[in-house]
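Colleague: Predicted model follows, preceded by the sequence.
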Amino acid sequence: MRSLLFPALLSLPFAASLAAQDKPAPVRLTPLRMSPASSVSQEIGISKIDLTFARPAVKGRKIWGELVPFSQVWRAGANSATVITLSHAAKVAGKDVPAGNYGFFVIPGEKTWTLILNKKAKQWGAYEYKKEEDQVRWEATPQAGPFLEYLDYRVLPVDTSSATVELGWEKLRVSFPVAFDTKAIYWAHLEDTLKKAPETDWVPWYQAAKYCQDQAIEPQKALAWIEKSLKIGDSFWNHETAARIYKDAKRMPEARTHLQKAIDLSRGKAPKEYTENLEKEMAVWKGQK
């Protein structure tokens with residue numbers, strides 16, 4: 001009797017597990033959010049600024065000083081606190097901020113606002129906000145703007161190193177600058193990429209050389225890298241870049257040799273206009289020493 005019961009008892013947990021697996025998932029409605037979730041993402045150089053937030057609506061209410069009280073910490077949106085993510089270290093309103101995720105809060109005033117990046121990114125509203133967890137604070141003056149029913153964020157690129165982040169709602173706008181050290185960030189990326197680059201791929205060495213030539217920096221490294229690229233493989237791309245690097249070094253015979261090679265290799269492989277432009281350049285270069 002015991003030998004028959006024991007296997008049956010062992011099978012009970014397995015049977016319960018199977019029953020749980022067969023149980024259908026609960027049926028639920030998707031919440032209809034009055035303040036819809038949104039996000040903004042913007043590349044600056046090879047860095048990125050991301051914002052996630054919820055958009056409250058005016059709905060005929062008085063916003064500043066009432067719905068959003070003066071002199072109180074506000075989540076800068078609705079529902080969960082607004083989150084700003086920086087892919088690399090940056091200067092935010094001139095202040096150093098490490099890469100990472102930050103809760104973005106605002107303390108509106110009648111004339112001046114305090115803007116805050118808080119180290120605790122994920123929190124509901126401002127109920128758990130703690131000043132001692134602030135990464136940085138700074139002051140900004142809001143400006144009048146066209147009416148916006150729903151709160152909005154924009155990230156407007158200024159150049160390859162900086163952008164302006166703007167919060168707008170109702171008839172007010174407030175903005176602040178974010179700047180990355182793009183040259184240092186890109187150079188670190190370049191060096192890290194070359195460390196991983198195989199000795200059988202001409203492209204990374206060409207890309208590194210072209211970057212230096214485009215930026216007018218590190219001419220000796222540019223020359224070494226383009227020569228390495230050419231030893232690995234021939235392309236009109238790396239021969240054109242070699243021609244420009246040798247021209248910058250005032251080594252015109254070698255520059256013309258590589259430009260002619262780029263012209264020859266481009267025929268039938270590149271757009272006709274590309275080859276024709278190189279031929280026009282060659283006509284100019286022939287008279288240069």
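Modeller: Structure's in. What do you need?

Colleague: Distance from stretch 181-198 to the middle of the chain?
Modeller: 16 Å (CA atoms, centre = their mean, to the nearest Å).

Colleague: and it, average pLDDT?
Modeller: Per-residue pLDDT over stretch 181-198 has a mean of 97.

Colleague: Pull out the buried residues from it.
Modeller: For stretch 181-198, burial by neighbour count (16 or more other CB atoms under 10 Å) applies to 181-182, 185-187, 190, 197. Every residue, glycine included, has its C-beta placed from N, CA and C.

Colleague: One more: stretch 205-214?
Modeller: So for stretch 205-214, counting by 16+ other CB under 10 Å, buried means 205-213.

Colleague: Redo those as CSV? Include distance to residue 148, pLDDT and secondary structure.
Modeller: Below are those laid out as CSV (distance: CB to CB, whole Å; pLDDT from 0 to 100; DSSP: H, G, I helix; E, B strand; the rest coil):
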residue, distance to residue 148, pLDDT, secondary structure
205, 49, 98, helix
206, 47, 98, helix
207, 42, 98, helix
208, 45, 98, helix
209, 47, 98, helix
210, 43, 98, helix
211, 40, 98, helix
212, 45, 98, helix
213, 45, 97, helix
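
Colleague: Quick check: of those residues, which lies closest to residue 151?
Modeller: Relative to residue 151, the closest of these is residue 211; by CB to CB it sits at 39.6 Å.

Colleague: That closest one and residue 90: what is the separation?
Modeller: 21 Å (CB to CB, to the nearest Å).

Colleague: that's a strand at residue 276, yeah?
Modeller: No. Residue 276: not assigned to a strand; according to DSSP: H, G, I helix; E, B strand; the rest coil it is helix.

Colleague: Look up how far residue 285 lies from it.
Modeller: With CB to CB as the criterion, residue 276 and residue 285 are 15 Å apart.

Colleague: what's the answer for residue 181, then?
Modeller: Look at residue 181 and residue 285: by CB to CB, they are 36 Å apart.

Colleague: Please give the centre-to-centre distance between stretch 133-144 and its chain.
Modeller: With CA atoms, centre = their mean as the basis, stretch 133-144 stands 22 Å off its chain's centre.

Colleague: buried set for that stretch?
Modeller: Across stretch 133-144, burial judged by 16+ other CB under 10 Å covers 134-136, 142.

Colleague: One more: stretch 114-127?
Modeller: By neighbour count on 16+ other CB under 10 Å, the buried set for stretch 114-127 is 115-118, 121, 123, 126.
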